[in-house]
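*Asks:* here is the input, now give the coordinates:
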Amino acid sequence: MKAPLLSALALALMVLAPSTHAQDVVTQPKPGAPEPPREWIDKDTGHRVIRLSDKPGSGSLYFNFNGYTPDGATLAISTPDGISGVDLKTHALRPLVEGKVRLLFVGRKTGQVYYQRPAEDGSGVVEAVDPKTRKVRQVAKLAKGVGIQTINADETLLAGVANRTDVPIPPNLMDALPRNPDDVKGPDGRELSYAEGREVQLNARLDSRIPMEIFTIDTATGERKVVHQATDWLNHLQFSPTDPHLLMFCHEGPWHKVDRLWLTRTDKPGAAPVKIHIRTMNMEIAGHEWFSADGKTVWYDLQTPRGEDFWVAGYEIATGKRTWLHLDRNAWSVHFNTSPDGKLFAGDGGDSEMVAHAPDGKWLYLMRPRAIPDVAGIHAPGSEALVQPGVLDTEKLVNMKDHDYRLEPNVNFTPDAKWIVFRSNMHGANHVYAVEVAKAAP
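*Replies:* Coordinates of the predicted model:
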C-alpha cells in the first residue's frame, strides 16, 4: 500500500487536529536524488516553470487561502522550519518566522502574515508578522483543539470551527477505520481505491453527527462569538475578500450526500444560512468552492452526475444568477481558481483514480471562459433566469506525469496574473513552483 502524502481528508480533519494541515505534510527526497531544477521549459507545453522554494518539504497555501501581500510583492510559503516570504520579482527567499508553526493566510489589508503556533497541551496562539520588518504581534489565544481557518477583508475578525463544549460529544465513527484510505475495505470486505477509502472515512465522520459551531474572534479585543451551530460537519470557512461580514462554509462529507455550499453573515445573529447550490439529480455533486477576487461570485466544481459531466459553476451573490462553464473529462481538476480580474481560470488536473477517472488528466491547465450566446439573438422566454452556459477552453501548462496527486497542487494566480503558483512532488520532495502563463519565447 502507498503511504498517503496528502488528501482532502487531511484538510477536513484540520478542525479536529489544528496542527495538521496540508502544507505541513513533508515528502522526503529520494536517497541520492539530485536537487530539483531551479528553472526549465516544459517540453510538452512550451511554458516556463520555476522552483520558488529552497528547502524540501516546503508548501504553498490551500487554493482558496490568500498567500499574497496587498502590494503584490511577496508570497508567503511554509518551510520545514517555519515561514518564508518569496519576493515575486527576484524570487529571493526571506525567512519570516522560525519554529513549529502553521501558516494560515496573509491579511488583505495590512499584508501581515498570520500563523498559528501550537502549545504542547494542544492549545495555541495566533500571531502575525510584518513581512517587511519581521515584527510579530499576538492576535488571539486558542483553546485546545481549536483551529482558525479564515480572516475577514478588513482583518477585524478571525473565524474557525470547533466541537461544542456545552453538550455531550458522541464518538467519532471514523476512529474505528484505518487512518490510511488505502487500507479501508468495503462493506463486503473488498479492496477499495484510495479515493473510495477516503469516501468511507468521510461518511463515517459525517454519520457521527458531532455537535459543532462556527465562531469568530475579534482581533482587537479577543471577544469570541458563535455564528452557527449544527451537527453537520462544518468546515472550509472562507470570508469574502471584500465584504467583512460575509462568510462561506461547507457541510463536509461525501459530496453526493451533503448539501455542501452555504453563506452566512456574521453581522446578523440568528440569520439562517443561505444554500448556494440546490441538487437537481441524484449523484450530483458540488464543492471546492471559492470567492472571485472581487467578492461578487462564488465558483465551484459541479458534476452532473458525479464523475460523468463536468462544470465550473458560478453563483452571483447579489442576484442569484448562475453560470455553468463546461469542460472535458481530462481537464477536470482537483481544484480550480480564477485570476484577479476574473478573465482566466486555472486547474491542477488529477490522476486516473480520482472522481473523473481521466485517462490523460495529469496536467496543470490554463482555462479561458467562452459564453454560449443565444442563436441569432433570439431569446427563450425567461432566459435571464436560467443558467447561463459556457465552455472553458483549456491550454496545458505543465506536464504532471511524475506528480503523485495525493499531494494536491492547489493552483493560484499571482496578483499580476502572469504566473500560476502550485506545489508538487514531481521531483520527489514537495516544493513550491510557478509556471508562466505566457509561453516562453522560442
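*Asks:* who does the lengthiest helix in the chain touch, helix- and strand-wise?
*Replies:* When the chain is parsed with DSSP state H, its longest helix is helix 194-207. Judged by 3 or more Cβ pairs under 8 Å, 6 or more residues apart in numbering; DSSP states H and E, the packing partners of helix 194-207 are helix 8-12. In short, each C-beta sits where N, CA and C put it, glycine included.
*Asks:* if you count neighbours, what's buried in stretch 294-303?
*Replies:* Using 16 or more other Cβ atoms under 10 Å as the test for burial, stretch 294-303 gives 296, 297, 298, 299, 300, 301, 302, 303.
*Asks:* re earlier: whichever helix or strand comes after the longest helix of the chain - contacts with which helices or strands?
*Replies:* Helices and strands here follow DSSP states H and E; after helix 194-207, the next one along the chain is strand 212-218. Applying 3+ Cβ pairs under 8 Å, 6+ apart, we find strand 212-218 packed against strand 157-163, strand 224-230, strand 234-239.
*Asks:* mind checking these for the one nearest to residue 28?
*Replies:* The closest of these to residue 28 is strand 234-239. By Cβ to Cβ, the value is 28.9 Å.
*Asks:* what sits up against the helix or strand just after that closest one?
*Replies:* Tracing the chain past strand 234-239, the next element assigned as helix or strand by DSSP H and E is strand 246-251. Counting by Cβ atoms under 8 Å, 6 or more residues apart in numbering, the neighbours of strand 246-251 from elsewhere in the structure are 150, 152, 159, 161, 214, 227-228, 232-240, 258-266, 273, 276, 287, 289, 291, 295, 298, 317.
*Asks:* thinking again about what came up before, from the buried residues of stretch 294-303, which land in strands?
*Replies:* The subset of the buried residues of stretch 294-303 located in strands under the criterion DSSP state E comprises 297, 298, 299, 300, 301, 302, 303.
*Asks:* dump those residues to JSON lines, plus pLDDT.
*Replies:* As requested, those are exported to JSON lines (pLDDT from 0 to 100):
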{"residue": "297", "pLDDT": "98"}
{"residue": "298", "pLDDT": "98"}
{"residue": "299", "pLDDT": "98"}
{"residue": "300", "pLDDT": "98"}
{"residue": "301", "pLDDT": "98"}
{"residue": "302", "pLDDT": "98"}
{"residue": "303", "pLDDT": "98"}
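*Asks:* please enumerate the strands of the stretch 301-442 of the chain.
*Replies:* In the stretch 301-442 of the chain, the strands defined using DSSP state E, counting those that start in this stretch lie at 310-316, 322-327, 336-338, 345-347, 363-371, 388-399, 412-413, 419-424, 431-439.
*Asks:* residues contacting residue 392?
*Replies:* With contacts defined as Cβ under 8 Å, 6+ apart, the neighbours of residue 392 are 312, 325, 326, 327, 331, 345, 367, 368, 369, 370.
*Asks:* what is it paired to in the beta sheet?
*Replies:* Applying DSSP bridges to residue 392 gives these bridge partners: residue 369.
*Asks:* that one and residue 126, how far apart?
*Replies:* 37 Å (Cβ to Cβ, to the nearest Å).
*Asks:* repeat for residue 139
*Replies:* 4 Å.
*Asks:* what's the answer for residue 233, then?
*Replies:* Using Cβ to Cβ, we find residue 233 at a distance of 23 Å from residue 126.
*Asks:* next: residue 310.
*Replies:* In this view, residue 310 and residue 126 are 37 Å apart by Cβ to Cβ.
*Asks:* ok so, going back, how about the buried residues of stretch 294-303 in a markdown table, adding distance to residue 437?
*Replies:* Listed next are those as a markdown table, based on distance: Cβ to Cβ, whole Å:
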| residue | distance to residue 437 |
| --- | --- |
| 296 | 23 |
| 297 | 21 |
| 298 | 24 |
| 299 | 19 |
| 300 | 23 |
| 301 | 22 |
| 302 | 25 |
| 303 | 27 |
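*Asks:* pick out the most distant pair among the residues you listed.
*Replies:* It's 296 and 303 that sit farthest apart of the buried residues of stretch 294-303, by Cβ to Cβ, at 23.9 Å.
*Asks:* what mean pLDDT does stretch 401-412 get?
*Replies:* Here the mean pLDDT over stretch 401-412 is 95, rounded to a whole number.
*Asks:* distance between the ends of that stretch?
*Replies:* In stretch 401-412, first residue to last residue: 20 Å (Cα to Cα, to the nearest Å).
*Asks:* next one: stretch 97-111
*Replies:* Distance across stretch 97-111, first residue to last, is 15 Å (Cα to Cα).
*Asks:* before we move on, what about stretch 296-308?
*Replies:* Across stretch 296-308, the terminal residues are separated by 29 Å (Cα to Cα).
*Asks:* name the helix or strand of this structure that has the lowest mean pLDDT.
*Replies:* Of all helical and strand segments in the chain, the minimum by mean pLDDT, DSSP states H and E falls on helix 8-12, at a mean of 40.
*Asks:* which neighbouring elements make contact with the helix or strand that it is followed by?
*Replies:* Sequence-wise, the next helix or strand downstream of helix 8-12 (DSSP H and E) is strand 39-41. When contacts are defined as 3+ Cβ pairs under 8 Å, 6+ apart, strand 39-41 sits against strand 47-51.
*Asks:* the strand it packs on vs strand 363-371, what angle?
*Replies:* Between the axis of strand 47-51 and that of strand 363-371 there is an angle of 130 degrees, by axes from the mean of the first three to the mean of the last three Cα atoms, to 10 degrees.
*Asks:* the helix or strand that strand 47-51 is followed by to strand 419-424, inter-axis angle?
*Replies:* Along the chain past strand 47-51, the next helix or strand (assigned with DSSP H and E) turns out to be strand 74-79. Direction vectors for strand 74-79 and strand 419-424, defined by the same axes, to 10 degrees, enclose an angle of 0 degrees.
*Asks:* once you drop chain neighbours, what's closest to residue 86?
*Replies:* With Cβ to Cβ, 6 or more residues apart in numbering as the criterion, residue 86 has its nearest non-adjacent residue at 4.3 Å, and that residue is residue 75.
*Asks:* could I get the buried residue list for stretch 260-275?
*Replies:* For stretch 260-275, using 16+ other Cβ under 10 Å, the buried residues are 260, 261, 262, 263, 264, 266, 273.
*Asks:* ditto for stretch 287-296
*Replies:* Counting neighbours by 16+ other Cβ under 10 Å, stretch 287-296 gives 287, 288, 289, 290, 291, 292, 293, 296 as buried.
*Asks:* measure the fifth one to residue 386 for me?
*Replies:* In this structure, residue 291 lies at 24 Å from residue 386, with Cβ to Cβ as the measure.
*Asks:* brilliant, that's me finished.
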